[in-house]
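# this is the structure alone, sequence omitted:
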């Protein structure tokens with residue numbers, strides 16, 4: 001059985017089969033081999049078909065690297081109509097705990113199923129630094145998988161490296177960055193696009209990004225240059241952008257690639273200085289107000305855990321992120337050109353102080 005078939009649980013356990021499978025796919029000469037700088041690491045991807053490369057690479061194209069250093073992780077991407085692993089249902093069930101446990105032994109090989117005809121099997125062996133993403137049907141890969149390729153594998157990998165994937169957007173000023181966190185329709189994407197179109201601010205991601213704790217500081221890392229918009233914002237922001245084909249299992253939010261149109265403003269890494277909680281007010285001006293850690297947690301954590309496994313260690317990590325960084329409500333006004341200057345001021349203030357208490361950092365209202 002494959003992902004999504006009747007009675008097939010979504011995960012698989014450690015198995016000699018898994019090692020043999022990884023050895024086999026690594027021995028196949030890839031159609032395209034790419035190196036990406038992700039999370040300050042060299043991540044190699046072996047695409048076993050050019051069609052798969054053409055679907056998955058565009059979202060990662062801005063992270064291409066010419067590095068010749070050994071890869072910290074090698075991902076093999078393939079298409080296989082037949083199940084890559086043959087295991088009993090009880091074995092799939094056992095492995096569900098292993099994939100989701102962020103404190104699992106790095107020696108453990110684990111696997112995860114995403115169900116359906118357009119589903120995939122993800123398999124990772126951390127000690128070997130090798131992973132596999134096996135798609136069932138190249139013509140049925142859903143739009144969100146093309147927009148965020150290898151998302152589950154990267155989450156599993158970076159949990160072992162003091163990191164976590166986050167649901168939100170990130171804008172930066174060349175030195176420091178702020179995250180935009182919130183639920184659906186909070187205004188994250190339109191705010192990020194306003195910064196790109198009405199300022200020289202940078203963008204590290206619109207929907208999913210990576211945070212790692214390095215040297216005692218939080219750092220934001222770009223993962224994907226694919227950005228989603230609500231239909232009424234498409235004509236306003238996307239004249240020079242290439243659209244992602246979302247005809248297969250789209251989610252109603254048209255998706256576009258920021259690369260290469262904004263190639264010079266898509267940095268790979270910035271120090272994360274603060275968290276902003278956007279909310280649309282209908283007023284003309286954009287204003288800010290301090291946010292409490294609990295408000296930040298509610299805006300950041302539940303929507304992030306809808307994308308990633310909800311583990312005790314992961315929740316603890318995300319709670320520390322919400323507690324440690326200053327945060328503000330960003331009350332978004334209808335005067336779009338005024339949004340970037342307010343965000344620039346917040347980045348500057350948070351970056352200069354490095355304080356966790358934000359009550360003294362509220363910019364003057366204009």
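Thanks, I have the structure now. The structure displayed is predicted, hence computed values, not measured ones.
# give me the phi and psi angles of residue 163.
Main-chain dihedrals, residue 163, degrees, to the nearest 10: phi -140, psi 170.
# partner residues bridging it?
residue 212 (DSSP bridges).
# surely residue 337 touches residue 285?
No - using CB atoms under 8 Å, residue 337 makes no contact with residue 285, being 11.3 Å away. Just so you know, the C-beta spots here come from the backbone N, C-alpha and C atoms, and that holds for glycine as well.
# who's more crowded, the two?
Using other CB atoms under 10 Å as the criterion, residue 337 and residue 285 rank with residue 285 on top: 15 against 11.
# just checking, residue 65 touches residue 40?
No - in this structure, residue 65 is not within contact of residue 40 by CB under 8 Å, at 11.1 Å.
# just for the stretch 151-300 of the chain, where's the confidence low?
249-251 (pLDDT under 70).
# what about the helices in it?
Residue ranges of the helices in the stretch 151-300 of the chain, as given by DSSP state H, counting those that start in this stretch, are 151-158, 188-198, 234-237, 293-305.
# would you map out the domains in the chain?
Here the domain parsing of the chain from automatic domain parsing is 11-161, 164-353.
# and residue 355, what's its pLDDT?
On pLDDT, residue 355 comes in at 46.
# no, scratch that, I was asking about residue 350
89.
# just confirm it is within a strand.
No - Residue 350 sits outside any strand when classified using DSSP: H, G, I helix; E, B strand; the rest coil, being helix.
# hmm, it is touching residue 343, no?
No - counting by CB under 8 Å, residue 350 stays clear of residue 343, with 10.5 Å between them.
# which one's more surrounded, the two?
residue 343 (28 against 25).
# any idea which helix or strand carries that one?
Using DSSP states H and E, residue 343 maps to helix 339-353.
# buried residues, that helix. List them.
Going by neighbour count (16 or more other CB atoms under 10 Å), the buried part of helix 339-353 is 339-351.
# if we can go back for a sec, which neighbours do residue 350 and residue 343 have in common?
Residues touching both residue 350 and residue 343 (CB atoms under 8 Å, 6 or more residues apart in numbering) are residue 178.
# hang on, the earlier thing: can you say which of the helices of the stretch 151-300 of the chain is nearest to residue 127?
helix 151-158 (12.0 Å; CB to CB).
# tilt between the closest one and helix 293-305?
120 degrees (axes from the mean of the first three to the mean of the last three CA atoms, to 10 degrees).
# just to revisit the earlier point, just send the helices of the stretch 151-300 of the chain back as a markdown table, with distance to residue 45 too.
Formatted as a markdown table, the helices of the stretch 151-300 of the chain follow (distance: least, CB to CB, whole Å):
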| stretch | distance to residue 45 |
| --- | --- |
| helix 151-158 | 10 |
| helix 188-198 | 26 |
| helix 234-237 | 29 |
| helix 293-305 | 24 |
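# nearest to residue 258, of these?
helix 188-198 (7.5 Å).
# contacts for that closest one?
By CB under 8 Å, 6+ apart, helix 188-198 touches 168-171, 180-182, 201, 203, 206-207, 227-230, 233, 236-237, 253, 258, 262, 265, 278, 330, 332, 336-337, 339-340, 343.
# mind giving me the PyMOL select for these, buried ones only?
A single PyMOL command selects the buried members of those (16+ other CB under 10 Å):
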select buried, resi 168+169+170+171+180+181+182+201+203+206+207+227+228+229+233+237+253+258+262+265+278+330+332+336+339+340+343
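# restricted to strands, list the contacts of helix 188-198.
169, 170, 171, 180, 203, 227, 228, 278, 330, 332 (DSSP state E).
# of those, which is the nearest to residue 320?
Distances from residue 320 to the ones in strands among the contacts of helix 188-198, taken by CB to CB, are shortest for residue 170, at 18.2 Å.
# hey, what's the closest one bridged with?
Under the criterion used here (DSSP bridges), residue 170 is bridged to residue 179, residue 205.
# residues in contact with it?
177-180, 192, 203-205, 209, 220, 222, 270, 272.
# residue 226 versus the residue nearest to the spatial centre of the chain, what's the distance?
With distances taken as CA atoms, centre = their mean, the residue of the chain nearest its centroid is residue 208 (3.1 Å). Distance of residue 208 to residue 226, given as CB to CB, to the nearest Å: 9 Å.
# to residue 44, which of the helices of the stretch 151-300 of the chain lies closest?
Per CB to CB, nearest to residue 44 of these: helix 151-158, 12.4 Å.
# what sits up against that closest one?
So helix 151-158 is contacted by 38-39, 43, 73, 75, 99, 110, 112, 114, 122, 124, 126, 131, 133, 145, 164-165, 208, 210, 212, 223, 307-309 (CB under 8 Å, 6+ apart).
# kindly recompute the last result at 7 Å.
Outside helix 151-158, the residues that touch it by CB atoms under 7 Å, 6 or more residues apart in numbering are 38-39, 73, 75, 99, 112, 122, 124, 131, 133, 164-165, 208, 210, 212, 223, 308.
# and it, what's buried?
151, 152, 153, 154, 155, 156, 157, 158.
# neighbours of residue 315, just the number please.
Each residue near residue 315 was counted by other CB under 10 Å, and the total is 16.
# related to what we said a few turns ago, from memory the residue nearest to the centre of the chain sits against residue 179, does it?
No - under the criterion of CB atoms under 7 Å, residue 208 makes no contact with residue 179, lying 11.5 Å away.
# now stretch 53-63: buried residues?
53, 55, 56, 57, 58, 59, 60, 61, 62, 63.
# ok, so of those residues, who is nearest residue 294?
Nearest to residue 294 among those, with distances taken as CB to CB, is residue 59, at 33.4 Å.
# for the closest one, what are its contacts?
Residue 59 neighbours (CB under 7 Å, 6+ apart): 146, 147, 148, 149, 224, 225, 226.
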